[in-house]
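A.B. asks: sequence isn't available, so here's the structure alone:
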Ligand SMILES: O=C(O)[C@H](O)[C@@H](O)[C@H](O)[C@H](O)COP(=O)(O)O
């Protein structure tokens with residue numbers, strides 16, 4: 001990837017270097033040799049956004065997804081982040097949740113609780129999980145109601161160009177089919193524009209019932225990070241980032257285009273292996 005630059009990480013550590021670059025219209029790319037480096041860069045990035053947001057607004061409203069993302073965030077539970085991050089100011093949300101009990105192995109809440117939230121001093125009342133005792137439709141409505149209350153009190157900011165919530169950071173994984181959150185390719189859920197939170201009952205990836213942020217909410221965030229690792233994702237990364245022409249209907253990941261916010265891709269070199277480096281600049 002000759003056009004990408006090898007730069008110091010955010011803390012200037014010579015040991016932790018990433019290939020980084022900017023795609024002309026698909027955001028910033030941070031490509032890492034291995035998952036260890038990716039995890040360190042991701043932890044640095046989240047810690048910096050948290051610090052900036054707490055300084056500016058007094059709180060940090062962050063939305064998580066499921067999948068391998070949570071494991072890749074694991075370094076946040078370690079030094080120095082476990083001591084330096086202002087955890088008491090974090091408010092946690094989910095960009096999507098699966099229609100299972102919170103105690104179920106498939107629950108995104110359980111994944112984050114076990115892998116991250118139980119290991120750092122988050123205030124329990126700041127954890128806004130999706131209600132697992134309701135139907136998918138009711139849970140989506142209920143979650144939107146919760147978010148509306150928190151927008152009203154400005155725990156979550158509001159977009160200045162629509163009435164959408166403006167999360168400080170939304171973290172997304174991406175499936176090999178290009179889905180993000182529970183927004184799947186060719187699914188009518190991609191057209192949900194009037195709701196902040198919606199639901200599906202026929203997910204191609206089990207379990208079938210899911211609750212998800214809609215694209216307008218994702219694209220209203222101040223920051224969106226898409227975190228992708230593994231060779232099986234390389235084709236979807238290529239289709240989501242490179243200019244591939246009109247023959248390819250846009251993948252959901254390609255529809256992630258923050259209106260005013262910043263988009264950053266955290267990739268390992270396997271996931272980035274099919275990118276067209278001629279489309280990047282330093
Ligand atoms: O609940 C979910 O299934 C997700 O939130 C989903 O969008 C996930 O992030 C991707 O499928 C990537 O998952 P992997 O990183 O595990 O492939």
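C.D. replies: Okay, I see it. What you see is a predicted model, and the numbers here were worked out from it, not measured in a lab.

A.B. asks: so what's the nearest residue to residue 210 once chain neighbours are set aside up against?
C.D. replies: Sequence neighbours aside, residue 182 is the residue nearest to residue 210 in space, at 3.8 Å (criterion: Cβ to Cβ, 6 or more residues apart in numbering). Bear in mind the C-beta positions are built from the backbone N, C-alpha and C, glycine included. By Cβ atoms under 8 Å, 6 or more residues apart in numbering, residue 182 lies in contact with 96, 98, 189, 200, 203, 210-212.

A.B. asks: which parts of this protein sit against the ligand?
C.D. replies: Contact residues (Cβ under 6 Å from any ligand atom) of the chain with the ligand: 65-69, 96, 98, 108, 173-175, 179-181, 205.

A.B. asks: mark which of those residues are part of strands, please.
C.D. replies: 96, 98 (DSSP state E).

A.B. asks: selection in ChimeraX covering whichever of the residues of the chain next to the ligand are buried, please.
C.D. replies: Buried residues among those (16 or more other Cβ atoms under 10 Å), as a ChimeraX selection:
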select :65,66,67,68,69,96,98,108,173,174,175,179,180,181
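
A.B. asks: farthest pair within the residues of the chain next to the ligand?
C.D. replies: 98 and 174 (16.4 Å; Cβ to Cβ).

A.B. asks: where does the residue nearest in space to the middle of the chain sit: helix, strand or coil?
C.D. replies: Geometric centre of the chain, nearest residue: residue 171, 1.5 Å, by Cα atoms, centre = their mean. Put simply, residue 171 is strand when judged by DSSP: H, G, I helix; E, B strand; the rest coil.

A.B. asks: could you list the buried residues of stretch 251-260?
C.D. replies: Quick answer for stretch 251-260 (16+ other Cβ under 10 Å): 251-254, 256, 258.

A.B. asks: before we move on, the earlier item: can you lay out the contacts of residue 182 as a markdown table showing pLDDT and secondary structure?
C.D. replies: Formatted as a markdown table, the contacts of residue 182 follow (pLDDT from 0 to 100; DSSP: H, G, I helix; E, B strand; the rest coil):
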| residue | pLDDT | secondary structure |
| --- | --- | --- |
| 96 | 98 | strand |
| 98 | 98 | strand |
| 189 | 98 | helix |
| 200 | 98 | strand |
| 203 | 97 | coil |
| 210 | 98 | strand |
| 211 | 98 | strand |
| 212 | 98 | strand |
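
A.B. asks: what two of the residues you listed are the furthest from one another?
C.D. replies: For the contacts of residue 182, and using Cβ to Cβ, no pair is farther apart than 98 and 189, which are 14.2 Å apart.

A.B. asks: now do the contacts for the residue of the stretch 151-282 of the chain found nearest the ligand.
C.D. replies: Closest contact between the stretch 151-282 of the chain and the ligand, by Cβ to the nearest ligand atom, is at residue 173 (2.6 Å). Listed by Cβ under 8 Å, 6+ apart, the contact set of residue 173 reads 65-69, 180, 226-228.

A.B. asks: please identify which of these is nearest to residue 92.
C.D. replies: residue 65 (12.0 Å).

A.B. asks: ok, the closest one - contacts?
C.D. replies: Contacts of residue 65 by Cβ under 8 Å, 6+ apart are 94-96, 108, 171-173, 180-181.

A.B. asks: what's the answer for residue 146, then?
C.D. replies: Residue 146 touches residue 128, counting by Cβ under 8 Å, 6+ apart.

A.B. asks: before we move on, back to that, redo the contacts of residue 65 as a markdown table? Include distance to residue 196.
C.D. replies: Shown next, in a markdown table, are the contacts of residue 65 (distance: Cβ to Cβ, whole Å):
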| residue | distance to residue 196 |
| --- | --- |
| 94 | 13 |
| 95 | 11 |
| 96 | 13 |
| 108 | 18 |
| 171 | 17 |
| 172 | 16 |
| 173 | 20 |
| 180 | 16 |
| 181 | 12 |
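
A.B. asks: pLDDT below threshold where in the stretch 151-282 of the chain?
C.D. replies: 282 (pLDDT under 70).
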